[in-house]
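Student: structure, please.
(chains A, B, C and D)
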Protein chains: 2
Amino acid sequence: MADRSPALTTTSYALLGLLALRPWTTYELTKQVQRSLGWFWPRTERKLYDEPKKLVAAGLASAIEQRTGKRPRTVYAITAAGRRAMRAWLDEPPAPPVLEMESMVKVFFADSGTIDQLRATLDEVRTSAEQRLEQLERMIDEDEQPGYEFAGRLPINALGLRFHVDHERHLVEWATWAQEQVSAWRSPVDAAGWDWRAALRP
Amino acid sequence: MADRSPALTTTSYALLGLLALRPWTTYELTKQVQRSLGWFWPRTERKLYDEPKKLVAAGLASAIEQRTGKRPRTVYAITAAGRRAMRAWLDEPPAPPVLEMESMVKVFFADSGTIDQLRATLDEVRTSAEQRLEQLERMIDEDEQPGYEFAGRLPINALGLRFHVDHERHLVEWATWAQEQVSAWRSPVDAAGWDWRAALRP
DNA sequence: TCTTGATACTGCCCTTTGCAGTATCTCGGC
DNA sequence: GCCGAGATACTGCAAAGGGCAGTATCAAGA
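Tutor: Here you go, the predicted structure:
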């Protein structure tokens, strides 16, 4: 019978992991995903309304239909089978990390444009990373408030947060460094004697 | 008439950028993408056979059908309109970087499993990043060989390579650090008094 | 009472992935 | 000269995922 269920994806397990913390409505899930999971497993809101149905079909979650006045809502909760599935999934080898960075495509093909276009792209990398750093700082502040809902998970959270903070810092530092390097370039292909070897063997 | 062409995506421009360097067959494009572009704009081989057709339909590339004996092949080249489109695209604001990291999902939900599962996940993060670092080192060695095809692009390449090397190093360093932190934990939710605040405000 | 924003979804089209399948060509070993 | 392995050169199909628009209802404050 499990054969008839749609195949579970990483997204399924990501949501199952959230359900392991407590029951959620789909709307709450979308907000929570944006706050936490979205940093390393970004998915559109749209998808998050379909996924829990697959979990229910596979017997890993239960759905309870409620209503606020006339407006319906569905509350999902994990089942015992769901907890077992989650534990088993943690043993499977993870897929390698994937980085998708359109700004780097623009850096890589900077020789199709001007040096000013390259500088503008690097600027954007730096400022957008700075903005995300501020968001992360605010999240850390929230975690430190007394009464934080998942206090037991703070150590685990800290491991991930530390990674993401350093990741965004790396973007800022790289863009700043790259700006300095290209400051003397005459064009994207004329680095005016700049020692690219030194950049790669620091 | 351009209205009838399928909309161009970042993937379209990424391939157009490669065509701006020189003409390629689709097969060559797939190899080249794995080597360079794949680090920051990963796409499956399958897609790379469809995409150039859209470029031709939009008038940004030309296709020349050749054959090696009975086996056909298509060589794509950029057009003048293609170079203009590429230059214009460089001015458009880039999408924010996207990181997809299944291993971090497993770290984040480590409290659904055992401390040993968490340690195994962190090990995998470190060793897989080390392997990618070796790949990058080999690429740098190749770039340094005399007669490298795109010698004029070496400075630009170096900017991107530097980013990716540091990115993989960051993964190694983070995983190593995280291993040290969890070494004394009794379970994923019992950090045995570990100071998570210190990890976030270093 | 009215507006604004939060809650709670669904439909649709397109992009992208992953995998299987189908050929042909080249080169080296025997 | 024959054979097999690996490189070259694609296509078809189903399912995952993204982006956007559209449809309601509810809660709180002016």
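Student: how about the strands in chain A?
Tutor: Taking DSSP state E to define them, one finds strands in chain A at A:24-25, A:61-68, A:71-78, A:98-100.
Student: can you put those strands in JSON lines and add mean pLDDT, mean neighbour count and distance to DNA strand C?
Tutor: Heads up, the C-betas are built off the backbone N, CA and C, glycines and all. What follows is the strands of chain A, written out as JSON lines (pLDDT from 0 to 100; neighbours: other Cβ atoms under 10 Å in any protein chain shown; distance: least, Cβ to the nearest atom of the strand, whole Å):
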{"stretch": "strand A:24-25", "mean pLDDT": "96", "mean neighbour count": "18", "distance to DNA strand C": "4"}
{"stretch": "strand A:61-68", "mean pLDDT": "93", "mean neighbour count": "12", "distance to DNA strand C": "5"}
{"stretch": "strand A:71-78", "mean pLDDT": "94", "mean neighbour count": "15", "distance to DNA strand C": "4"}
{"stretch": "strand A:98-100", "mean pLDDT": "97", "mean neighbour count": "16", "distance to DNA strand C": "8"}
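Student: format these as TSV; extra columns: distance to residue A:193.
Tutor: Listed next are the strands of chain A as TSV, based on distance: least, Cβ to Cβ, whole Å:
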stretch	distance to residue A:193
strand A:24-25	58
strand A:61-68	62
strand A:71-78	61
strand A:98-100	31
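Student: what number of residues are in the vicinity of the residue lying closest to residue A:108 once chain neighbours are set aside?
Tutor: If the residues on either side of it in the chain are set aside, residue A:108 comes closest to residue B:160, at 5.5 Å by Cβ to Cβ, 6 or more residues apart in numbering or on different chains. Using other Cβ atoms under 10 Å in any protein chain shown, the number of residues around residue B:160 comes to 21.
Student: which residues touch residue B:160?
Tutor: Contact analysis of residue B:160 by Cβ atoms under 8 Å, 6 or more residues apart in numbering or on different chains lists A:104, A:107-108, B:39-40.
Student: if you set the cut-off to 10 Å instead, what comes out?
Tutor: A:101, A:104-105, A:107-108, A:110, A:174, A:178, B:36-37, B:39-40 (Cβ atoms under 10 Å, 6 or more residues apart in numbering or on different chains).
Student: quick one: the helices in chain A?
Tutor: Read by DSSP state H, chain A holds these helices, from start to end of the chain: A:10-21, A:26-35, A:45-57, A:80-89, A:102-108, A:115-144, A:154-182, A:196-200.
Student: between the ones you listed, which one is nearest to residue B:62?
Tutor: Closest approach to residue B:62 among the helices of chain A (Cβ to Cβ): helix A:102-108, 22.3 Å.
Student: distance from the chain centre to the closest one, please.
Tutor: Between the mean C-alpha location of helix A:102-108 and the chain-wide mean there is a distance of 20 Å, by Cα atoms, centre = their mean, to the nearest Å.
Student: show me the shaky parts of chain A.
Tutor: Scanning chain A for pLDDT under 70 picks out A:1-6.
Student: rerun that using 50 as the cut-off
Tutor: Filtered on pLDDT under 50, chain A yields the residue ranges A:1-4.
Student: alongside DNA strand C, which residues does chain A contribute?
Tutor: On the criterion Cβ under 7 Å from any atom of the strand, DNA strand C has as its neighbours in chain A the residues A:25-28, A:31, A:45-46, A:49, A:68, A:71-74.
Student: ok, so of these, who is nearest residue B:122?
Tutor: Minimum distance to residue B:122 across the residues of chain A next to DNA strand C is 28.5 Å, recorded for residue A:31 (Cβ to Cβ).
Student: what's near enough to touch that closest one?
Tutor: For residue A:31, the contact set (Cβ under 10 Å, 6+ apart) comprises A:24-25, A:45, A:48.
Student: residues in contact with the closest residue in space to residue A:36 that isn't next to it in sequence?
Tutor: Closest residue to residue A:36 in three dimensions, ignoring its sequence neighbours and counting by Cβ to Cβ, 6+ apart: residue B:108, at 7.2 Å. Remark: with contacts taken as Cβ under 10 Å, 6+ apart, residue B:108 is in contact with A:14, A:17-18, A:36-37, A:39-41, A:153, A:156-157, A:159-160, B:101.
Student: turn the residues you listed into a markdown table, columns for distance to DNA strand D.
Tutor: Formatted as a markdown table, the entries for those read as follows, by distance: Cβ to the nearest atom of the strand, whole Å:
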| residue | distance to DNA strand D |
| --- | --- |
| A:14 | 9 |
| A:17 | 14 |
| A:18 | 15 |
| A:36 | 16 |
| A:37 | 12 |
| A:39 | 13 |
| A:40 | 12 |
| A:41 | 9 |
| A:153 | 24 |
| A:156 | 23 |
| A:157 | 23 |
| A:159 | 24 |
| A:160 | 19 |
| B:101 | 13 |
